[in-house]
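S.K.: The following comprises the amino acid sequence and a computationally predicted model.
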Amino acid sequence: MTEKNQDDVHLAPMELDEAKARELEEKFDSEIRFRPLSRTAMWIVGGLLIVLSIFHYYTAGFGLLPEMIHRGIHLSLVLALVFLVFPAWRAGYDQPAASTLLRPLGIPILDWALAILAVVAVAHVPLIPLDDLAFRVGNPTRTDVILGGALILLLLEATRRSVGWPLPIIALIFMGYALFGPWMPSILVHPGATVPQLVDHLYLTTQGIYGIALGVVATYVFHFVLFGVFATRIGLGQLFLDCAAFVAGRFAGGPAKVSIFGSALFGMISGSSVANTVTVGSLTIPAMIRLGYKRPFAAAVEAASSTGGQITPPIMGAAAFLMIEFLELPYTTIILAAIVPAFMHFFGVLMQVHFEAKRNGLRGLRPDEMPDIVDALKRDWPTIIPLVVLIGVLLSGYTPYLAAFWGITLCILVGLLNPRRRLTIVEIFESLRDGAKYALAVGAAAATVGIVVGVVTLTGVGFKVSFIVTSTAAQLAGVFGPLMPWFAANTLTLLFTLVMTGVVCILMGCGIPTTANYIIMVTIAAPALGLLGVEPIVAHFFVFYYGVLADITPPVALAAYAAAGMAGADPFKTGNTAFRLGLGKVLVPFVFVFSPSLLLVTKDFTWPDFALAFAGCTIGITCLGAALSRFMLVRTRAWENALLLVAALLLVAPELYSTLLGLVLIVPVLVRQWTAWRTERPVPS
C-alpha cells in the first residue's frame, strides 16, 4: 500500500455504535442468534428475559434463595426460553412464521410444549421438601425417574439447539459409559448403573444437573455478564477504546495495536471472545485494512486479542467463577493469579503485530487521527465509577455477586444522571433483556456438563483416565529420555502429560464452549496433573487457558470466524493466522506449570523465581514472535528463524541451564540483525 493510501486512514473520533455492535454480535455468535419472532412473541420473550435478569439482580443484592430453589428458577426460565427462541433446525427461519393453530404466535406448538415440560421437570426437585429429598436419593419414585429422564432429554435438545451437537454427544457417550460399565475394556470396567440409578444421581443430587456448574452460572456468571452489558451501554467501552488509541495508536501499525489494547481493556468488562471481537473489531478491523494489513491478518489480530477477554481480570470468563467453587479460593486470589498470564497473552500478540508492521512499513496514527483523550475523560469519566466500585467491593472480601450488584446499580445511576450520555428507561430494559440473552446458551451448556460431571462422580472414571494419562506419559518419557538427557525423568513425564492434556483441551474446545470444556477437563484431566505434584490452581489455569484457545483454533473458531465475516476474509485463513498470533498463550501455561511463581499466589512463590520465569517468558515470546513474523530489526533468514524457535522453547523450559542455552542461541541472531540494521538504516543528511 502506498503512502498516499495510508494517508486516507481516519479513526478519530472512534465512536462506538452500540446498536451496530449488538447487530454484529447476533450475526456472528450463534449462541445469541434467535429465530425471528412475531411482535407478540417478541414481547413475551423479552418480558421473560427481563424477569430472568431482575430475578438475578434482586437476589444478588438482597440474598440468594436456598440452593436448589435458586438453581431451579434459573434453569426453568433458561430452558423455557431456549425452546421459544432457538429453532429445532436453522433452515427455514429467516422470516417470522405466521400464527396458525399448530404455530401459536409463530412458534411451533411442540416448542411451547417442550418449554412447559422443561419448567415442570426442573421445578419438581426444588419443590420436594429437603428432608424428603434426602431419603429419596438412592430410592427414586416412578415420577422422579420419568421427570428426571425427561429433563435429561430436554437438556440435550436445548443444548443442541443453542450450542450445537458436540456437547450433547459427549454427554451421551458418558451416560453410555455409566450404563455399560461391565462391558468396558481393561481398566475402564466398572459395575455399571441402571437407568433409574443414573437418573437418580443426575436428577436428585447436587452432583449432576443441579451441580456446581449450574450454580456458578446462576450465582456469579449471570451477574457479571449483566454488568458488562450495562457498562458498555453507559460508555465505558468507548472510554477504553479512546484510551487504547491514545496509548498505542501513534506507534507502527497503529490500528492493530489499538485493537490489542482496546481488546484488553474491553475484555475487562465483557468476558466474551465474540462480544469483544465484534465490538472492538467494528472500529479497528476496517482501519487496519485501510492502513495496509491483509484482510485475514487484520481479522486475526482482533480475534486473537479478543480471546484475552476470558482471561483478563477483573471479570474474566465464566470459568474463572467456577474456579472459586472448585478450588474454594476467594475471587481475589483468582484475579491475582490471572494478571501475569493475561499480560503474556497480549504481549505475545503485540510483538507479532509490531514485527508485522515493521516488516511491511506500516505507519502509526497521526495526531489528527487520534481521539482527544482530555475530551474523552471529561465526557466519560463517570463511567469508570461502577468498575472501580466493583473492584473495590471484590477486594474488600465480599461475594462476587454482591460486587456485581453494586456495579450494576451504579451503572444504572450513572446512566440516568450523566448528562453527556444519558440512559433512557427503554435502554435500561433493553440492557436487562440483552444481559439475559447471553445466559441462555451457557445456562443450558452448564446443566448438560453436570451430566458429564455426574457420571464421573458415579463411576470414578476421572481417576482411571488420570492413571492412563500418567502411565502413557511415563512410557513416552522412557522412550525419549535418552534423547533429552538434560531433563529429569519426572520432568519429562510431566511435560508429556501437559502436552496430551493441552491437545485434548484444544480438541474438546473445538466443539463446545470454553466453560463446558473447562469443567470436563478439570473433572477428567486435572487429577492427572495433581498426581504429578502440580498445585490445584496451576492445573486449573492450565486447562482453562488451553480451553480458551478453542475460540481461535480451526475448524471451530468462533471469534476468528466472526472477525473474518467483518473483514470479508477467508475464515480458515483467519483462524490459522489467529492461532499463530495466539501461540504465546500456548507456551505460557507450560511456564507457570514448571515455574508456578508466575501465578503470584502459589505456595512456594519467591520473587527470584518469579523474576527468572517472567524474564524467560517475555524473551521467549519475543523470539517466537520474531520467528513467526520473519522479522526482528530487519527481515530474518531461515537459520535465524530456526534458532529463534529453539531459543523460545528453551527460554520457557523449567531448567536454568536451558534458559541460559536459549540466551546463547539468540546472540548470533542479534549480532546479524544489528549489523544488517545499521547497514540498511539511512544515513542522516
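M.R.: Done, it's in.

S.K.: need the contact list for the nearest residue to Ile519 once chain neighbours are set aside.
M.R.: What sits nearest to Ile519 in space, not counting adjacent residues and going by CB to CB, 6 or more residues apart in numbering, is Val449, at 4.7 Å. C-beta: built from backbone N, CA, C; applies to glycine. Neighbouring residues of Val449 by CB atoms under 8 Å, 6 or more residues apart in numbering: Leu167, Ala171, Ala213, Thr515, Ala516, Ile519, Ile520.

S.K.: which element follows the host helix or strand of the first one toward the C-terminus?
M.R.: Read it as Leu167. For Leu167, the host element (DSSP states H and E) is helix 166-179. The helix or strand immediately downstream of helix 166-179 is helix 195-204, counting by DSSP H and E.

S.K.: Next, the angle helix 166-179 makes with the host helix or strand of Val456.
M.R.: Val456 is part of helix 425-459 when elements are defined by DSSP H and E. Helix 425-459 and helix 166-179 are oriented at 30 degrees to each other (axes from the mean of the first three to the mean of the last three CA atoms, to 10 degrees).

S.K.: Helix 425-459: which residues count as buried?
M.R.: Going by neighbour count (16 or more other CB atoms under 10 Å), the buried part of helix 425-459 is 428-459.

S.K.: and Gly397, how many neighbours?
M.R.: Per other CB atoms under 10 Å, the neighbour tally for Gly397 reads 9.

S.K.: With the flanking residues excluded, which residue is spatially nearest to it?
M.R.: Taking CB to CB, 6+ apart, and ignoring the residues beside it in sequence, Gly397 has Pro330 as its nearest neighbour in space, at 7.0 Å.

S.K.: For that neighbour, give me the backbone phi and psi.
M.R.: Backbone torsions for Pro330, taken as degrees, to the nearest 10, come to phi -70, psi 150.

S.K.: Restricting to C-alpha, output the helix holding Leu167 in CSV.
M.R.: C-alpha atoms of helix 166-179 as CSV (Å, rounded to 0.1, in the frame of the first residue of the first chain):
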residue,chain,number,x,y,z
PRO,A,166,-20.7,-31.8,20.2
LEU,A,167,-21.6,-31.3,23.9
PRO,A,168,-24.8,-33.4,23.8
ILE,A,169,-22.8,-36.2,22.0
ILE,A,170,-20.2,-36.1,24.7
ALA,A,171,-22.9,-36.3,27.4
LEU,A,172,-24.5,-39.3,25.6
ILE,A,173,-21.1,-41.0,25.5
PHE,A,174,-20.6,-40.6,29.2
MET,A,175,-24.1,-41.8,30.0
GLY,A,176,-23.4,-44.8,27.8
TYR,A,177,-20.3,-45.5,29.8
ALA,A,178,-22.2,-45.3,33.0
LEU,A,179,-24.8,-47.8,31.8
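
S.K.: What sits closest to the residue nearest the centre of the chain if chain neighbours are left out?
M.R.: The residue lying closest to the centre of the chain (CA atoms, centre = their mean) is Gln310, at 3.8 Å. Closest residue to Gln310 apart from its sequence neighbours, by CB to CB, 6+ apart: Gly317 at 3.3 Å.

S.K.: which ones are touching the one you found?
M.R.: By CB under 8 Å, 6+ apart, the contact list for Gly317 reads Gly271, Ser272, Gly309, Gln310, Ile311, Thr514, Thr515, Val548.
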